[in-house]
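**Q** Okay, sequence plus prediction incoming.
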Amino acid sequence: MLNVRSYNPALQQRLRGFLTAKDAEGLCQYLASLSHSAFRTAGMMLGDALLKELPSEDFWHFFSTIVPTHSKAYLGTFIKGAAAKFSPGGLTSGEAALRTFATAATPIDLRKILEQLLPTLTQTEDIELLLRICCDGTVQQEVLALMRCNSLAAYYLLFSRLRKLEGEPQLLRTHCLTLMRKGDHRSFNLACIVHHYFGLNDLPGTFSLRLENYELSRLDGNYEQFCKILAR
């Protein structure tokens with residue numbers, strides 16, 4: 001196994017030089033010239049620290065220039081940098097870059113973006129943006145993506161998607177069981193909301209959350225009310 005270093009001062013200086021000069025093409029060529037171990041070290045330094053120091057416009061310039069040349073090699077590094085830089089908000093600044101990349105991205109690329117970046121976002125507008133870009137518009141695909149998250153914003157949007165499946169009780173029950181299997185308090189509370197809101201029966205286990213009918217009626221389109229109930 002290679003002993004990969006997470007820091008190399010000489011390498012960091014070279015990387016900073018390209019970033020400061022806004023030379024995305026030069027950085028791309030430089031990264032491609034590195035040995036495997038140096039490339040791994042460069043990726044760690046970029047993803048952990050250097051990329052998040054860039055102004056948003058510069059970050060997306062480097063993303064748009066470098067990632068499409070070899071998404072398997074570079075996408076993970078830039079998504080890690082994006083998660084560190086733009087969470088808990090601000091991803092909308094990269095909408096144009098992400099949309100352009102998505103037009104030629106593979107399903108694996110899009111899944112990687114969703115899996116790595118979506119759980120770090122806490123603003124509904126950023127989550128909605130990523131879903132529009134990376135999903136094909138089907139409710140089921142968006143539900144599966146949101147199930148991997150745990151934030152209040154993601155669960156609010158998950159509930160809104162589940163409401164679109166109201167005529168499919170078996171599918172709703174499956175999703176409710178998935179939430180219960182996640183095991184954390186917030187997921188159990190959402191499972192309880194889904195259970196009562198859609199009148200699902202024969203669910204294993206019991207819920208500690210107690211809901212009144214008037215509270216259920218206030219959940220539709222009311223983000224603050226939803227968050228208050230979910231956080232109990």
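**A** Sure thing, it's come through.

**Q** So what's the gap between the helix or strand of the chain with the lowest mean pLDDT and the chain middle?
**A** Using mean pLDDT, DSSP states H and E, helix 213-217 stands out as the lowest-scoring helix or strand of the chain, at a mean of 87. In terms of CA atoms, centre = their mean, to the nearest Å, the centre of helix 213-217 is set 30 Å apart from its chain centre.

**Q** contacting residues around it?
**A** Ile193, His196, Tyr197, Gln225, Ile229 (CB atoms under 8 Å, 6 or more residues apart in numbering). Heads up, the C-betas are built off the backbone N, CA and C, glycines and all.

**Q** CA atoms only: put that helix into PDB for me.
**A** What follows is helix 213-217, C-alpha atoms only, in PDB (Å, rounded to 0.1, in the frame of the first residue of the first chain):
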ATOM      1  CA  ASN A 213     -54.700  16.200  13.700                       C
ATOM      2  CA  TYR A 214     -54.500  20.000  13.500                       C
ATOM      3  CA  GLU A 215     -50.700  19.700  13.500                       C
ATOM      4  CA  LEU A 216     -50.700  17.400  10.400                       C
ATOM      5  CA  SER A 217     -52.900  19.900   8.500                       C
END
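
**Q** That one: which residues count as buried?
**A** Neighbour-count burial for helix 213-217 flags Glu215 (criterion: 16 or more other CB atoms under 10 Å).

**Q** Now the element after that helix, going C-ward?
**A** helix 223-230 (DSSP states H and E).

**Q** Now that following helix: buried residues?
**A** Of the residues in helix 223-230, those buried (16+ other CB under 10 Å) are Phe226, Ile229, Leu230.

**Q** now swap in stretch 139-159 and tell me
**A** Across stretch 139-159, burial judged by 16+ other CB under 10 Å covers 139, 141-147, 149, 151-159.

**Q** Repeat that for stretch 70-79.
**A** Buried residues in stretch 70-79, counted by 16+ other CB under 10 Å: Ser71, Tyr74, Leu75, Gly76, Thr77, Phe78, Ile79.

**Q** One more: stretch 105-118?
**A** Quick answer for stretch 105-118 (16+ other CB under 10 Å): Ala105, Asp109, Leu110, Arg111, Lys112, Ile113, Leu114, Gln116, Leu117, Leu118.

**Q** Show me how far it is from its chain's centre.
**A** Taking the mean of its C-alpha atoms, stretch 105-118 sits 8 Å from the chain's own mean (CA atoms, centre = their mean).
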